[in-house]
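>>> generate a structure from the sequence data that follows.
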Amino acid sequence: MTNRVANGIYRRLNAANTPIILIVNPEFGVLSETDVRTHLVNGILNTHANLILGYIVGQRTTIAELHIFLTSNPNNLKAVIFHANFVPAMLNAFVREIQVNQPAHLIFESRRTSYITQNAFIHPNRILITDGFQSQSKNANYPNDSVFTSDCYTYRAAGWNGIGDYQTVGDNYREGGGQPYVVTLHITRDAGGNLITQHYSSMTNRNLPGEAPLKFTEACNELVTSPFIIPLTSTGINMFRGWHITAHFPQLGAAKQASIQHHMELLSSLV
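Residues are numbered from 1 along each chain as shown. Model (predicted):
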């Protein structure tokens, strides 16, 4: 995503005051915490009334760093995202800091935090983030369908106030680019108490990179004509149907956006 496109998105979010959690210390990408605060918090999003500042607590995070975050920008709500486990003394220190400077949200990444870490904190808004998407290293490796692991049916009974996930992308950071050997489109559906991800892949020239428009057309045709997808409706699926009708190639980034949009609408309807 170019800076111009990203800035346009941030400006639209700011104008609409869309509630968002902005991570001020991102783990990936080129922006530093100073960049995020200068360019976004104190810049483009400066007048955003519903901006929540998020902070990732990792293995190397200190109590002093968390304290500085929690006491900064007093006009913004805060969210703390735990990405690690800690020895008892350190964990107790984090618990005390959270008790003193209560953030609005406590978020735990399920694969990186244990039950001990998650249950050490008493807080009115505890959220669990899971990676339920069974990502493959190559698009050609996706089966027709796979289980999407989710706590959407059970999270309240388990004592959580909210849940989140990594949609149909997964928690695997990759730099984009390159011509596809296979185009695969992902749609999540509710299968009566379980979530299933349907995978629709192109078949032409699987051993050769390129021909993205043709490969997308094949995968999109498989998607919109699938008996699993025909009964479903969402903004994301309607985007695929529109591209199918007009024989339009929207670029693969837009296709991924439609998949994510459908997933978010589905999860919103279930929780």
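
>>> for the residue most central in space within the chain, grab phi and psi.
With distances taken as Cα atoms, centre = their mean, Tyr166 lies nearest the centre of the chain, 3.8 Å away. Backbone torsions for Tyr166, taken as degrees, to the nearest 10, come to phi -100, psi 30.

>>> so what's it scoring on pLDDT?
Listed pLDDT for Tyr166 reads 91.

>>> burial count for the closest residue to it other than its chain neighbours?
With Cβ to Cβ, 6 or more residues apart in numbering as the criterion, Tyr166 has its nearest non-adjacent residue at 4.9 Å, and that residue is Asp131. For the C-beta atoms, the positions are set from N, CA and C on the backbone; glycine is no exception. Using other Cβ atoms under 10 Å, Asp131 is surrounded by 18 other residues.

>>> quickly note the distance from Asp131 to Asn46.
Using Cβ to Cβ, to the nearest Å, we find Asp131 at a distance of 33 Å from Asn46.

>>> now swap in Glu265 and tell me
From Glu265 to Asn46 the distance is 30 Å (Cβ to Cβ).

>>> before we move on, what about Cys220?
To Asn46, Cys220 is 40 Å away according to Cβ to Cβ.

>>> okay, Gly177: pLDDT?
64.

>>> all helices for the stretch 151-271 of the chain, in order.
212-224, 235-246, 252-270 (DSSP state H, counting those that start in this stretch).

>>> who wins for proximity to Gln102 among those?
Closest of the helices of the stretch 151-271 of the chain to Gln102 is helix 252-270, at 26.7 Å (criterion: Cβ to Cβ).

>>> now the closest one: mean pLDDT?
Rounded mean pLDDT across helix 252-270 is 94.

>>> find me the pLDDT at Arg4, would you?
Residue-level confidence at Arg4 comes out at 61, pLDDT.

>>> dump the residue contacts of the residue nearest to Tyr166.
By Cβ atoms under 8 Å, 6 or more residues apart in numbering, the contact list for Asp131 reads 110-111, 149, 165-166, 170-171.

>>> list the buried ones in stretch 13-33?
Residues 13-14, 21-25, 31 are the ones in stretch 13-33 that count as buried (16 or more other Cβ atoms under 10 Å).

>>> the residues you listed in strands, which ones?
Secondary structure defined by DSSP state E assigns 21-23 of the buried residues of stretch 13-33 to strands.

>>> identify the residue nearest Leu208 in space, chain neighbours excluded?
Tyr181 (6.9 Å).

>>> distance check, the one you found against Phe216.
To Phe216, Tyr181 is 13 Å away according to Cβ to Cβ.

>>> who's more crowded, these two?
Phe216 (22 against 17).

>>> how about the more buried one, nearest residue that isn't a chain neighbour?
Spatially, and ignoring its direct neighbours in sequence, Phe216 is nearest to Val183 (5.0 Å; Cβ to Cβ, 6+ apart).

>>> show me what contacts the one you found?
139, 201-202, 212, 215-216, 218-219, 252, 255.

>>> give me the pLDDT value at it.
97.

>>> same check on Ala49?
89.

>>> Phe240 too?
At Phe240, pLDDT is 98.

>>> do you know how far it is from Gln257?
As for Phe240, its distance to Gln257 is 11 Å (criterion: Cβ to Cβ).

>>> next one: Val95
38 Å.

>>> could you do Tyr155 as well?
26 Å.

>>> between these two, which is the more surrounded one?
For Tyr155 versus Gln257, the count of surrounding residues by other Cβ under 10 Å is larger for Tyr155: 18 against 14.

>>> how close does that one get to Leu195?
13 Å.

>>> could you give the number of residues near Arg112?
Neighbour count for Arg112, taken as other Cβ under 10 Å: 17.

>>> low-confidence regions, this structure specifically.
Scanning the chain for pLDDT under 70 picks out 1-5, 173-177.

>>> and the strands in it?
20-23, 51-57, 77-82, 105-109, 126-130, 145-148, 162-165, 184-190, 195-201.

>>> quick one on the thing from earlier: pull out the buried residues from the contacts of Asp131.
Buried among the contacts of Asp131 (16+ other Cβ under 10 Å): 110, 165-166, 170-171.
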